[in-house]
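Colleague: here is the input, now give the coordinates:
(one chain, ligands or ions: 2)
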Amino acid sequence: MVNTVHDVKIAVIGGSGLYNLEGLEVIEEVNPETPWGFASDKIIISKTPSGNKIAFLARHGRGHYLTPTEVPVRANIAALKHLGVEVIIAFSAVGSLREEIPPCDFVLPDQLIDRTRGLRPSTFFGEGVVAHAGFAEPFHAGLSDLIAKHEKVLEFGAKLHQKKTAVCMEGPAFSTRAESHMYRSWGGDVINMSALPESKLAREAEIAYQMICMSTDYDCWRDNEEAVTVETVMQNMGNNGKNAKTLLHAILPDLEEAVSNNTLVPNLKGSMKFAGMTAPEKRNPKTVEKLEFILPGYYC
Ligand SMILES: CSC[C@H]1O[C@H](OP(=O)(O)O)[C@H](O)[C@@H]1O
Ligand SMILES: Nc1ncnc2[nH]cnc12
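Modeller: Ligands and ions are numbered 1, 2, ... in the order given. As a prediction, this is how the structure comes out:
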């Protein structure tokens with residue numbers, strides 16, 4: 001039941017300090033109702049320089065009125081999937097847990113540690129349809145490589161790091177110093193409050209998902225230094241926001257080509273077809289109907 005009227009294959013999710021995409025012609029704003037409710041805000045559909053469509057969604061809403069815990073992530077991912085989205089580039093402001101990732105550097109994590117507290121619905125399944133998505137590699141290696149090729153466009157001396165581990169905490173208060181040290185001892189490189197369940201739900205919806213983390217602070221593990229504040233985060237988001245837009249414009253041609261030729265590896269299409277466990281006669285018809293919105297024909 002992919003929405004052929006819209007047929008938008010690429011989406012961008014903007015986080016703290018990134019509430020729009022500049023430099024692209026806006027075509028329309030849509031707000032589809034999903035079986036999991038409405039998205040954080042209207043989804044803005046724009047035209048790329050090559051004439052393709054691209055969707056933008058502000059994770060916390062434009063004006064930032066949703067805490068990380070309150071973001072309706074299932075509705076966000078379902079709404080994007082329903083528009084036809086196959087690829088999500090998700091931006092996030094993160095704290096750095098490593099000396100070598102100063103504020104303004106960008107990070108493409110390939111691993112993730114879940115420190116959310118079970119307050120966020122984190123699956124489209126349950127209620128009579130059981131399925132288990134593979135999540136050993138929580139981000140998309142092909143997308144990460146495609147993005148990393150464009151590191152040179154970053155300004156303000158920013159570097160781009162690949163193959164790092166993100167920690168996703170519940171928030172909204174920041175970590176204690178003890179927690180920050182613990183995350184470092186676990187191998188965490190950056191920390192945010194948004195990578196989960198966004199990445200997991202994208203995987204369940206068979207959407208290739210890569211988060212672009214933008215370092216804004218050193219969290220609070222540097223013992224004699226001031227701990228992270230919203231003020232520090234937003235100060236650094238000035239430069240980060242500019243770099244985010246520059247990077248996005250730089251990767252678009254390659255991304256559009258990869259999506260239209262279906263060359264992104266791994267190819268997630270069809271991956272959920274064989275993830276289901278529930279016998280057809282035992283499936284709850286109401287849940288089956290909801291799942292038709294994102295994975296049409298898979299469980300009916
Ligand atoms: C404003 S600092 C904490 C806040 O910033 C990040 O948001 P996003 O990932 O949407 O850029 C982090 O995850 C927290 O939600
Ligand atoms: N230090 C931090 N902890 C969690 N989320 C963040 N987002 C930006 N900086 C952060």
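
Colleague: element containing the residue nearest to residue 49 when sequence neighbours are not counted?
Modeller: Once its chain neighbours are removed from consideration, residue 49 has its nearest residue in residue 252; the separation is 7.4 Å (C-beta to C-beta, 6 or more residues apart in numbering). C-beta coordinates here come from the backbone N, C-alpha and C atoms, glycine included. When secondary structure is defined by DSSP states H and E, residue 252 falls within helix 230-261.

Colleague: residue 209 now?
Modeller: Under the criterion of DSSP H and E, residue 209 resides in strand 208-217.

Colleague: that strand: partners in the sheet, and parallel or antiparallel?
Modeller: Each strand pairing with strand 208-217, determined using DSSP bridges, is listed with its direction: strand 87-96 (parallel), strand 106-115 (antiparallel).

Colleague: tell me the angle that strand makes with helix 230-261.
Modeller: Our comparison of strand 208-217 with helix 230-261, counting by axes from the mean of the first three to the mean of the last three C-alpha atoms, to 10 degrees, yields an angle of 160 degrees.

Colleague: strand 208-217 close to ligand 2?
Modeller: Yes: in terms of C-beta under 6 Å from any ligand atom, part of strand 208-217 sits within range of ligand 2, namely 216-217.

Colleague: could you give the mean pLDDT of that strand?
Modeller: Along strand 208-217, the predicted local confidence has a mean pLDDT of 98.

Colleague: and that strand, what's buried?
Modeller: Across strand 208-217, burial judged by 16 or more other C-beta atoms under 10 Å covers 208-217.

Colleague: hang on, the earlier thing: any idea which of the strands paired with strand 208-217 is most buried?
Modeller: When you average the neighbours per residue for each of the strands paired with strand 208-217 (mean count of other C-beta atoms under 10 Å), strand 87-96 leads with a mean of 26.

Colleague: buried residues, stretch 274-284. List them.
Modeller: Using 16+ other C-beta under 10 Å as the test for burial, stretch 274-284 gives 275-276, 278, 283.

Colleague: tell me the one of the residues you listed nearest residue 198?
Modeller: Proximity of these to residue 198 was ranked by C-beta to C-beta; the top entry is residue 275 with 18.7 Å.

Colleague: tell me the confidence at the residue nearest to residue 242 when sequence neighbours are not counted?
Modeller: Nearest in space to residue 242, with sequence neighbours left out and distances taken as C-beta to C-beta, 6+ apart, is residue 155 at 6.9 Å. Predicted confidence (pLDDT) at residue 155: the value is 96.
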